[in-house]
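*Asks:* Starting from these lines, generate the structure:
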Amino acid sequence: MLLVSGCASWPQAGTVQAGKVARPVPTVPESPEQGSEPEAGAGPEAPPPAEVPAYHPAGTALVTQARREAAGGDPERAGATLERALRVDAGNPWIWIELARLRLAAGQQSAAQGMARKALSLAARDPEAHTAAAALLGAAGAGP
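*Replies:* Down below sits the predicted model:
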């Protein structure tokens, strides 16, 4: 299994399955052993957690690479790497968020706003990405 990690702004570690990165599913308590009686008053089982979108591992790897490039003082190369990541996984709101952050840091507020809006539109099923995109939109000087 390949573990992919990121910082606080990127979804935490996930596993690779069929070419996609999926967030780990919260641990489910063990079910009672077969043949044992359920506890008196025990209610119905809780519904399964909402499905979290899966992202392509190549896109995730390219975002990590772009962060290293930006931290190393090469924002132009980082931008090119993020654009490459978009060609791999254009539906991933986190790539748009990273690119918007890079543009905002370069003083390109209009571009950052557009990318943050794109991320917001893609983040309907990813609450963490939705929150990050909305905050970035605000930081870029625009409301949702």
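
*Asks:* in this structure, which ranges drop under the pLDDT threshold?
*Replies:* Residue ranges of the chain with pLDDT under 70: 1-52, 143-144.

*Asks:* Report the beta-bridge partners for the closest residue to N92 other than its chain neighbours.
*Replies:* Nearest residue to N92, sequence neighbours excluded (Cβ to Cβ, 6 or more residues apart in numbering): Y55, at 4.7 Å. Bear in mind the C-beta positions are built from the backbone N, C-alpha and C, glycine included. In this entry, Y55 is beta-bridged to V21, by DSSP bridges.

*Asks:* correct me, but Y55 touches W94?
*Replies:* Yes. Using Cβ atoms under 8 Å, Y55 makes contact with W94 at a distance of 6.9 Å.

*Asks:* The strand or helix carrying A66 - contacts with which helices or strands?
*Replies:* Element membership for A66, per DSSP states H and E: helix 57-71. With contacts taken as 3 or more Cβ pairs under 8 Å, 6 or more residues apart in numbering; DSSP states H and E, helix 57-71 sits against strand 3-4, strand 20-22, helix 75-88, helix 93-105.
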